[in-house]
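Q: 3D, please:
(one chain, ligands or ions: 2)
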Amino acid sequence: MTESTTDLNENNWENLKKDLKKIVGSTAYNNWLNKLSFLSFDKNIISLSVPTKFLRDWIVNHYADKIKSHCSKIDKNIEVLKIVVKPVGGRIVPGTARVIKGNETKWGGNLDIRNNLVNNSTYDFGAPLDPRFTFENFVVGKPNELAFAAAQRVAEDDKVTFNPLFLYGGVGLGKTHLMHAIGWNIKNKNPERKVIYLSAEKFMYQFVRALRYKDTSAFKEQFRSIDILMIDDVQFISGKDNTQEEFFHTFNALVEQNRQIVISADKSPSDLDGVQERLKSRLGCGLAADIHPTTYELRLGILMEKAKKRGVDIPAKVLEFISHRIVSNVREMEGALNRLVAHATLVGTSITVETAQLVLQDLLKSNNKKITIEEIQKKVADHYNIRLTDMHSPRRSRSVARPRQVAMYLAKFITSRSLPEIGRKFGGRDHTTVMHAVKKIEELKQEDTNFNEDIELLKRLIDS
Ligand code: ADP
Ligand code: MG
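A: Ligands and ions are numbered 1, 2, ... in the order given. Predicted structure coming up:
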């Protein structure tokens with residue numbers, strides 16, 4: 001191991017990395033720690049960088065203690081390890097510092113405004129904003145373009161145009177992301193503005209607590225001094241009459257003072273059950289923008305963006321596969337990507353559709369309720385103008401054999417049926433026939449762009 005030195009610098013950093021390799025083992029080292037670079041050493045702080053946030057988080061969660069204690073061993077002055085994100089050839093990304101001191105990790109650095117929020121006196125009754133949820137990180141497509149545009153407008157405009165902005169849609173479609181993005185934007189433009197984001201649940205909790213301590217006037221004051229109030233998942237106050245009452249008054253007070261309000265819910269204002277009529281009509285009197293379920297294109301766009309952010313190289317085929325097969329919500333799709341990357345890195349295999357199928361089995365199952373092989377056969381038969389019975393028939397002429405192969409390929413791609421199961425549904429064919437069909441179609445897709453587009457079109461038809 002490295003001999004004791006008085007301080008750390010770029011020269012002995014290389015030695016230190018060698019030590020780390022011995023400590024964590026070369027596989028883990030090559031997967032994770034190899035990408036660490038030395039930034040600076042200052043008094044008791046050693047600062048390192050990694051190219052992606054994903055790496056940073058992984059290292060902070062799994063190796064930070066080992067790194068820090070080894071650094072302290074080499075230089076006993078070192079008490080703090082700081083890891084920031086710095087893309088290769090780029091500059092340090094603001095707000096990405098993580099500080100490891102003792103056994104705790106802090107969102108650290110004084111790199112940008114975001115960290116000020118923690119010291120903001122209003123932080124207590126709001127919730128902190130997630131640094132990942134910005135407009136830049138939001139992928140826009142048909143299903144969310146209205147909500148996105150409205151959110152941007154609210155964040156950009158100094159005057160209040162629609163009040164409230166009411167964002168609604170199903171789980172995991174980006175409502176919370178957009179609200180945080182509004183918060184960041186406003187805060188970055190003008191740090192003085194009081195932006196409060198909290199869940200309806202927390203609002204209720206605060207209110208109930210105020211009631212208990214007979215301190216409702218302070219509660220009211222807190223809320224009424226806000227510039228922008230954002231309340232997430234407002235469906236939560238359904239059936240809670242006292243909370244609704246208080247919310248209604250808070251709402252009115254803010255609107256009267258021309259303060260911006262942003263609300264999210266899983267349903268439109270008029271569809272909210274267990275909410276007083278007058279509150280519903282209040283909620284609906286600004287702009288209600290819904291986020292529709294994602295389309296295949298949007299899911300693919302989001303995945304590509306997330307993969308890029310990670311700095312991981314994932315074959316397009318795999319991203320397409322996930323976008324096709326995980327349709328319920330974006331959060332789940334992100335989870336799938338995380339799992340796949342972690343698996344590939346740990347096991348050291350490359351990422352293919354086959355590994356994705358294996359590693360994501362459970363997720364794929366739960367997302368697989370809808371599309372059956374019969375439906376695929378029907379859509380493909382319609383598309384190529386052949387009879388549905390030809391999917392099962394022994395006929396081998398090209399005009400029916402090719403569409404049949406396409407249907408087999410899509411059955412493999414879209415459902416989680418095994419090759420023998422698929423074979424059975426195609427007139428009792430052998431699994432090797434299905435395998436051959438899948439290979440053939442993949443080849444044709446590679447060779448012939450028209451054919452490829454045709455298949456993509458079919459996928460969309462089947463999905464919709
Ligand atoms: P909701 O509040 O509607 O349930 P979230 O805002 O929590 O959903 O989104 C769930 C996850 O999906 C978050 O990690 C978010 O960043 C991501 N996400 C959703 N929509 C998009 C999008 N259009 N672009 C990028 N990420 C998205
Ligand atoms: Mg949410």
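Q: tell me if I am right that Ala289 is in a strand.
A: Yes. Counting by DSSP: H, G, I helix; E, B strand; the rest coil, Ala289 is part of a strand.
Q: what number of residues lie near it?
A: The burial count assigned to Ala289 is 22, neighbours taken as other CB atoms under 10 Å. C-betas here are computed from N, CA, C, even on glycine.
Q: I'd say it and Ala150 touch.
A: Yes. Counting by CB atoms under 8 Å, Ala289 touches Ala150, with 4.6 Å between them.
Q: which residues are in contact with each of these two?
A: Listed as contacting both Ala289 and Ala150 by CB atoms under 8 Å, 6 or more residues apart in numbering are Leu165, Leu167.
Q: residue ranges with poor pLDDT in the chain?
A: Within the chain, the segments meeting pLDDT under 70 span 1-8, 102-125, 366-370, 463-464.
Q: can you do 50?
A: Applying pLDDT under 50 to the chain picks out residues 1-5, 107-123.
Q: is Leu303 in a helix, a strand, or coil?
A: With three-state DSSP as the criterion, Leu303 reads helix.
Q: so who does it touch?
A: Counting by CB under 8 Å, 6+ apart, Leu303 has contacts Leu319, Ile322, Ser323, Met333, Leu337.
Q: just the residues you listed now: which is nearest ligand 2?
A: Nearest to ligand 2 among those, counting by CB to the ion, is Met333 at 15.3 Å.
Q: list the buried ones in the helix or strand containing Ala437?
A: In the assignment (DSSP states H and E), Ala437 maps to helix 431-447. Under the neighbour-count criterion of 16 or more other CB atoms under 10 Å, helix 431-447 has Thr433, Val434, Ala437, Val438, Lys440, Ile441, Glu442, Leu444, Lys445 buried.
Q: which ones among the contacts of Leu303 map onto strands?
A: Counting by DSSP state E, no part of the contacts of Leu303 is found in strands.
Q: ok, of those, which come out buried?
A: Using 16+ other CB under 10 Å as the burial test, those include Leu319, Ile322, Ser323, Met333, Leu337 as buried.
Q: with distance to ligand 2 added, can I get the residues you listed in JSON lines?
A: What follows is the buried ones among the contacts of Leu303, written out as JSON lines (distance: CB to the ion, whole Å):
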{"residue": "Leu319", "distance to ligand 2": "24"}
{"residue": "Ile322", "distance to ligand 2": "22"}
{"residue": "Ser323", "distance to ligand 2": "21"}
{"residue": "Met333", "distance to ligand 2": "15"}
{"residue": "Leu337", "distance to ligand 2": "19"}
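Q: can you list the residues you listed in TSV and add distance to ligand 1?
A: Output for the buried ones among the contacts of Leu303, formatted as TSV (distance: CB to the nearest ligand atom, whole Å):
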residue	distance to ligand 1
Leu319	14
Ile322	14
Ser323	13
Met333	8
Leu337	11
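Q: which one of those is nearest Glu277?
A: Of all the buried ones among the contacts of Leu303, Glu277 sits closest to Met333, with 37.5 Å by CB to CB.
Q: how about the closest one: what's its closest non-neighbour residue?
A: Nearest residue to Met333 in three dimensions, chain neighbours excluded: Ile326, at 4.6 Å (CB to CB, 6 or more residues apart in numbering).
Q: residues touching that neighbour, list them.
A: With CB under 8 Å, 6+ apart, Ile326 has these contacts: Arg299, Glu332, Met333, Ala336, Leu360, Leu363, Leu364, Asn367.
Q: can you tell me which of the residues you listed is closest to Glu456?
A: In terms of CB to CB, no member of the contacts of Ile326 lies closer to Glu456 than Arg299, at 13.6 Å.
Q: what about the closest one, how many neighbours?
A: Arg299: 26 neighbours (other CB under 10 Å).
Q: does it touch Met333 like I think?
A: Yes. Using CB under 8 Å, Arg299 is in contact with Met333, at 6.1 Å.
Q: just to revisit the earlier point, now distance to Arg259 too, for the contacts of Leu303, in a markdown table please.
A: A markdown table is the format used below for the contacts of Leu303 (distance: CB to CB, whole Å):
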| residue | distance to Arg259 |
| --- | --- |
| Leu319 | 42 |
| Ile322 | 41 |
| Ser323 | 40 |
| Met333 | 36 |
| Leu337 | 38 |
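Q: just the residues you listed: which are in helices?
A: Leu319, Ile322, Ser323, Met333, Leu337 (DSSP state H).
Q: for the fourth one, what are its contacts?
A: With contacts defined as CB under 8 Å, 6+ apart, Met333 is in contact with Arg299, Ile302, Leu303, Ile322, Ser323, Ile326.
Q: residues in contact with the closest residue to ligand 2 within the chain?
A: Nearest residue of the chain to ligand 2: Thr176, at 3.2 Å (CB to the ion). Residues counted as contacts of Thr176 (CB under 8 Å, 6+ apart) are Phe133, Asp232, Ser264.
Q: so which of the residues you listed reach ligand 2?
A: When CB under 5 Å from the ion is taken as the criterion, no member of the contacts of Thr176 contacts ligand 2.
Q: with respect to Ile186, which of those is nearest?
A: Phe133 (13.4 Å).
Q: what is the burial count for the closest residue to the closest one other than its chain neighbours?
A: In space, and not counting its chain neighbours, Phe133 is closest to His180: 3.5 Å by CB to CB, 6+ apart. Counted with other CB under 10 Å, residues neighbouring His180 total 25.
Q: likewise for Asn9?
A: 10.
Q: which residue packs closest to it, ignoring adjacent ones?
A: Nearest non-adjacent residue to Asn9, counting by CB to CB, 6+ apart: Phe41, 6.3 Å away.
Q: what packs against the host helix or strand of the one you found?
A: Of the helices and strands defined by DSSP H and E, Phe41 is found in strand 37-42. Strand 37-42 sits against strand 45-50, with contacts defined as 3 or more CB pairs under 8 Å, 6 or more residues apart in numbering; DSSP states H and E.
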